[in-house]
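[1] Here's my sequence, what's the structure:
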Amino acid sequence: MPTTMIAATQIELNDEGFFVHPEQWTEEMAAELARRESIDPLTDRHWTVLRFMRSEFLDKGTGPTVRALGKTSGVSVKELYQLFPKGPAKVAARIAGIPKPRGCI
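    Residues are numbered from 1 along each chain as shown. Coordinates of the predicted model:
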């Protein structure tokens, strides 16, 4: 599996760029990960989604789908696509350091 330096830490990623070990993620890594996804800067609304994604992953073992994000995160589906234009659940999961949510292609 490929490794990369993120916020001065060597991180192992899978072939799609998701953390192999989500426990290595820190909030300091998020800004760098977001820039790699062409998202800069991270706003409070981005953080709402990222923290929700991590919370769901820690509680349920998987990240939420776009539909679940839109219904339960406090951020509408329309806004999710504005915040993460290349695919909200997948891109937000990458930035949040969690595995790709079920149902994402």
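[2] Could you pull up phi and psi at the nearest residue to Gln10 once chain neighbours are set aside?
    Leaving aside its sequence neighbours, Gln10 sits nearest to Thr3 (Cβ to Cβ, 6 or more residues apart in numbering; 5.5 Å). Backbone N, C-alpha and C define where each C-beta goes, glycine included. When quoted as degrees, to the nearest 10, the phi and psi of Thr3 stand at phi -120, psi 160.
[3] what do you get for the one 5 residues further on?
    In terms of degrees, to the nearest 10, the main-chain angles of Ala8 are phi 60, psi 20.
[4] ok, now how distant is it from Lys60?
    Distance, Ala8 to Lys60, by Cβ to Cβ, to the nearest Å: 31 Å.
[5] Give me the pLDDT for Pro101.
    We have a pLDDT of 88 for Pro101.
[6] How about Ala34?
    Ala34 is assigned a pLDDT of 98 by the prediction.
[7] next one: the one 3 residues further on
    We have a pLDDT of 96 for Glu37.
[8] ditto for Ile105
    So, for Ile105, pLDDT stands at 60.
[9] As a check, name the ranges of all helices in this structure.
    Under the criterion DSSP state H, the chain carries helices at the ranges 27-36, 44-60, 66-72, 77-83, 88-96.
[10] Just give me the neighbour total for Asp59.
    8 (other Cβ atoms under 10 Å).
[11] so what's it up against?
    For Asp59, no contacting residues are found, by Cβ atoms under 8 Å, 6 or more residues apart in numbering.
[12] Could you measure from it over to Ile98?
    Remark: distance between Asp59 and Ile98 (Cβ to Cβ) = 12 Å.
[13] Next: Glu32.
    Distance, Glu32 to Ile98, using Cβ to Cβ: 16 Å.
[14] More neighbours: those two, which one.
    For Glu32 and Ile98, the more surrounded residue by other Cβ under 10 Å is Ile98, and the numbers stand at 22 against 15.
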